[in-house]
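[1] predicted model and sequence below, questions to follow.
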Amino acid sequence: MRIPDIIAEKKKKGKPSFSFEIFPPKRQELLDNIDETLELLCDLHPDFISVTFGAGGSTRNSKTVEIARKIKEKYHVEPVVHLTCLYYTKEEISEILNEISAYGIENVLALRGDVNPEFPVKNDFAYANELVEYIKSQGDFSISGGCYPEKHLEASDPVTDIRYLKKKVDAGVNHLISQLFFDNELFYRFYEKTRCAGIDVPIDAGVMPVTNKAQIERMVTMCGATLPSKFEKILRKYEDDKEALFDAGLAYTINQVVDLIANDVDGVHIYTMNNPTVAKRICDSIRNLV
Ligand code: FAD
């Protein structure tokens with residue numbers, strides 16, 4: 001089923017879609033155990049699970065399609081395959097799309113991928129909107145895209161970033177998933193701005209459960225998310241107590257998700273970091289809301 005149709009179905013019931021993101025693990029033993037993670041996550045009945053895809057031409061990327069196939073065939077949950085384009089040729093993208101299509105997977109998240117100065121780009125695609133156009137020319141896929149409530153790090157300003165987002169949607173994106181953020185007000189303001197710009201596709205709010213300090217520091221550096229003062233207080237108070245930080249971080253995330261749902265967001269997308277325990281704790285707290 002296509003993601004916008006899933007969201008429309010949930011909307012009829014007055015509920016947002018509720019989904020997870022996972023990544024193919026780097027370490028072989030974790031990859032061998034991916035079934036255990038998938039089983040636990042799928043038991044929580046998400047509306048879909050998206051699987052990340054590396055930016056460079058890593059061999060791990062073949063695992064993305066393999067895992068997505070498993071999610072669909074073995075666990076009967078709708079998968080979304082992430083695809084990045086800077087380091088791929090049109091032929092390579094075409095091969096991956098053929099494979100996805102052969103497995104009956106309909107949903108693709110079209111991304112540019114981060115620039116890595118260590119690798120030469122392949123020059124077939126410069127931005128995600130070009131990948132979107134290419135995917136559309138290759139078959140009948142439902143295409144999602146990424147968006148940035150606090151603007152993309154490389155964008156000169158939010159208005160320019162939203163102008164390019166509109167271009168991506170006009171190219172054929174019918175659903176957006178946001179970058180993680182910790183301050184819901186920033187997401188609500190961003191959502192309003194997209195509507196003013198004529199972007200009318202559903203936007204899922206991307207939420208990262210924060211349960212350890214190193215992870216937060218890494219995320220904030222990578223995506224520039226603002227840390228609200230009430231969140232910083234939690235970090236300061238519990239930075240030396242792992243268990244307490246886990247509980248407090250999770251409570252913050254659950255609060256964030258409840259507020260998003262109360263504000264009628266189209267969907268909540270949890271960056272699970274392949275941690276079913278965290279996903280379960282969140283699900284148990286909001287089971288009747290989604
Ligand atoms: P684009 O939409 O191409 O935008 C990139 C930048 O260029 C922005 O600053 C934008 O304003 C500007 N821009 C856009 N179009 C144009 C244009 N036509 N002309 C000039 N400027 C333009 N990365 C991975 O490697 N693997 C993943 O699996 C992955 N999953 C992600 C999932 C989500 C939900 C999100 C939000 C991000 C994900 N990323 C992933 C990270 C993403 O690849 C990076 O943020 C990347 O830098 C931008 O990708 P994009 O598709 O948003 O780029």
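    Ah, there it is.
[2] neighbours around Lys168, how many?
    Lys168 has 25 neighbours, counted by other C-beta atoms under 10 Å. In this view, the C-beta of every residue, glycine as well, is placed from N, C-alpha and C.
[3] show me the contacts for it.
    Tyr127, Ala128, Asn129, Val132, Gly145 (C-beta atoms under 8 Å, 6 or more residues apart in numbering).
[4] what helix or strand does it sit in?
    helix 158-171 (DSSP states H and E).
[5] one more: Val108?
    strand 107-111.
[6] can you pull the pLDDT of Val210?
    For Val210, the model assigns a pLDDT of 85.
[7] would you enumerate the residues in contact with Ala171?
    Contacts of Ala171 (C-beta under 8 Å, 6+ apart): Asn129, Glu130, Val132, Glu133, Lys136.
[8] most surrounded residue in those residues?
    Val132 (27 neighbours).
[9] quick one: that one from the ligand, how far?
    9 Å (C-beta to the nearest ligand atom, to the nearest Å).
[10] backbone dihedrals for that residue, both of them.
    phi -60, psi -50 (degrees, to the nearest 10).
[11] check whether it really touches His175, as I assumed.
    No - Val132 lies out of contact with His175 (C-beta atoms under 8 Å); the separation is 11.7 Å.
[12] wait, does the helix holding Lys168 contact the ligand?
    Yes - Helix 158-171 lies within reach of the ligand by C-beta under 6 Å from any ligand atom, at Asp161, Tyr164, Lys167, Lys168.
[13] mind checking pLDDT for the last one?
    In the predicted model, Lys168 carries a pLDDT score of 98.
[14] tell me which element the nearest residue to it once chain neighbours are set aside falls in.
    The shortest distance from Lys168 to any non-neighbouring residue, by C-beta to C-beta, 6 or more residues apart in numbering, is to Asn129 (4.4 Å). According to DSSP H and E, Asn129 maps onto helix 128-138.
[15] verify the contact between Ala110 and His175 for me.
    No - using C-beta under 8 Å, Ala110 makes no contact with His175, being 10.7 Å away.
[16] returning to what we had before: quick one, the strand holding Val108 and helix 158-171 angle?
    Here strand 107-111 runs at an angle of 140 degrees relative to helix 158-171 (axes from the mean of the first three to the mean of the last three C-alpha atoms, to 10 degrees).
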